[in-house]
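Colleague: Provided below are the primary sequence and the corresponding predicted coordinates.
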Amino acid sequence: MTRTSLAVLMTTLLACALLSGCSEPQPTATATTTPAPPASGATPTASHPDVFRFRIGTLDAAALKDGDIDAANDGKTFGVGQPTEQVAALLAAAGQPSDVLHLSIQPLLVRSGTRILLFDTGAADASFARAGRLPATLRAAGVEPSQVSDVFISHRHPDHVGGLLTREGALAFPNATIHLTAPEWEALKQDRDAAALVAAITPKVAAFQPGAALLPGVVTAVPVDGHTPGHSAYEIASGDERLLYIGDSAHHFVVSVQRPEWTVQYDENAPLAQPSRRALLQRAADDNLRIYAVHFPFPGLGHINPQGDSFVWQPER
């Protein structure tokens, strides 16, 4: 073979290779593309430690880490009116730092058929939190924000609605219906600090009455009174399997669970929230409910077990 013919042959082969590589473009994710389901079982995503995949019956779900909140043990937030030494002793007995209470923030992702459900949206850039990781963890779980079909809000506090808008003020989940109770929606509309949020999400809001069946057979609202005017937990079902997303019914996995009657500064109606919290914990213990706690240590999955006249948190891992 001559040098000239060899050069012609190499040029031809290179052209064919380039054409074949371009002939079948890779598909891109769109609002109508359903991501491939994750593997069965409860395992952390290998490529991202802030995504924890698990199952609710046949439903694929994932805990999505958004960030953290630290509250000082200074008698102003947890155990209001209690001696700080008593709060410190309770924390130390559980192997926790006695001077600070750590709260995680982890919205919940659930796939149900062609629908992609998100429960709460994290704190975004709220000054009281180290947060804003939800967009990254959502994508690490294989979901683009435009693919989310339904957002279920437990209540209007910034660490739950903060992720509804982008930093530019646009809808973070432009194709999603935003579900929250009618009393909570009315309270949010009265909040002057939330005027921009209200204006942006109003076309997307579907307010409901407390306790409503929102996606029949899959998502049912569960009223838990006292934290805010329309605070709602959510029961997520698949066949006989149930998961109770508790919102802010309980904030800290030690103090809120072992001392449910202690006053929490975050509760807007503490005298109502305290018996409501105990009632929910009692139900969870009696019925052996599987719990998803948005502020307990990541990933927030576990059970409430009875302990004397109180309770203790038992994580799944």
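Modeller: All right, it came through fine.
Colleague: for the stretch 201-317 of the chain, what spans make up the helices?
Modeller: Assigned by DSSP state H, counting those that start in this stretch, the helices in the stretch 201-317 of the chain fall at 255-258, 270-287.
Colleague: which helices and strands does the longest one pack with?
Modeller: What it means is helix 270-287. strand 263-264, strand 301-307, strand 310-315 (3 or more CB pairs under 8 Å, 6 or more residues apart in numbering; DSSP states H and E). Yep, even glycine has a C-beta here, placed from its N, CA and C like the rest.
Colleague: among the ones you listed, which comes closest to residue 133?
Modeller: Within those, the stretch nearest residue 133 is strand 301-307; the backing value is 18.6 Å (CB to CB).
Colleague: grab the nearest non-local neighbour of the spatially most central residue of the chain.
Modeller: Centrality entry for the chain: nearest residue to the mean C-alpha point is residue 107, 1.1 Å, by CA atoms, centre = their mean. Once flanking residues are discounted, residue 107 sits nearest to residue 120: 4.6 Å by CB to CB, 6 or more residues apart in numbering.
Colleague: residue 192 versus the one you found, what's the distance?
Modeller: Separation of residue 120 from residue 192 (CB to CB, to the nearest Å): 22 Å.
Colleague: re earlier: tell me which residues touch the residue nearest to the centre of the chain, please.
Modeller: 64, 66, 118-122, 134, 163, 294 (CB atoms under 8 Å, 6 or more residues apart in numbering).
Colleague: does residue 64 touch residue 51 like I think?
Modeller: Yes - contact status for residue 64 versus residue 51: in contact at 6.2 Å, counting by CB atoms under 8 Å.
Colleague: so what sits against both of those two?
Modeller: 137, 141.
Colleague: so for stretch 271-288, mean pLDDT?
Modeller: Per-region confidence: stretch 271-288 scores 98 on mean pLDDT.
Colleague: pull out the buried positions in that stretch.
Modeller: 273-274, 276-278, 280-281, 284-285 (16 or more other CB atoms under 10 Å).
Colleague: would JSON lines of the residues you listed with distance to residue 154 be doable?
Modeller: Converted to JSON lines, the buried residues of stretch 271-288 look like this (distance: CB to CB, whole Å):
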{"residue": "273", "distance to residue 154": "13"}
{"residue": "274", "distance to residue 154": "18"}
{"residue": "276", "distance to residue 154": "14"}
{"residue": "277", "distance to residue 154": "14"}
{"residue": "278", "distance to residue 154": "19"}
{"residue": "280", "distance to residue 154": "13"}
{"residue": "281", "distance to residue 154": "17"}
{"residue": "284", "distance to residue 154": "16"}
{"residue": "285", "distance to residue 154": "21"}
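Colleague: residue 92 belongs to a helix?
Modeller: Yes - counting by DSSP: H, G, I helix; E, B strand; the rest coil, residue 92 is found in a helix.
Colleague: follow-up on the earlier one: who's more crowded, residue 64 and residue 51?
Modeller: residue 64 (31 against 25; other CB atoms under 10 Å).
Colleague: quick check: the more buried one vs residue 136, distance?
Modeller: Relative to residue 136, and taking CB to CB, residue 64 is found at 9 Å.
Colleague: what do these two both touch?
Modeller: residue 50.
Colleague: ok, which stretches of the stretch 51-200 of the chain are helices?
Modeller: Going by DSSP H, counting those that start in this stretch, the stretch 51-200 of the chain shows helices at 84-93, 134-140, 158-161, 182-189, 195-201.
Colleague: quick one: closest of the helices and strands packed on helix 270-287 to residue 77.
Modeller: Using CB to CB, the helices and strands packed on helix 270-287 put strand 263-264 closest to residue 77, at 7.1 Å.
Colleague: right, and the helices and strands packed on helix 270-287 - which one's nearest residue 226?
Modeller: Of the helices and strands packed on helix 270-287, nearest to residue 226 by CB to CB is strand 263-264, at 9.7 Å.
Colleague: who touches the closest one?
Modeller: 77-81, 251, 256, 270, 273-274.
Colleague: gap between that strand and the chain center?
Modeller: 22 Å (CA atoms, centre = their mean, to the nearest Å).
Colleague: direction included, what does that strand pair up with?
Modeller: strand 78-80 (antiparallel) (DSSP bridges).
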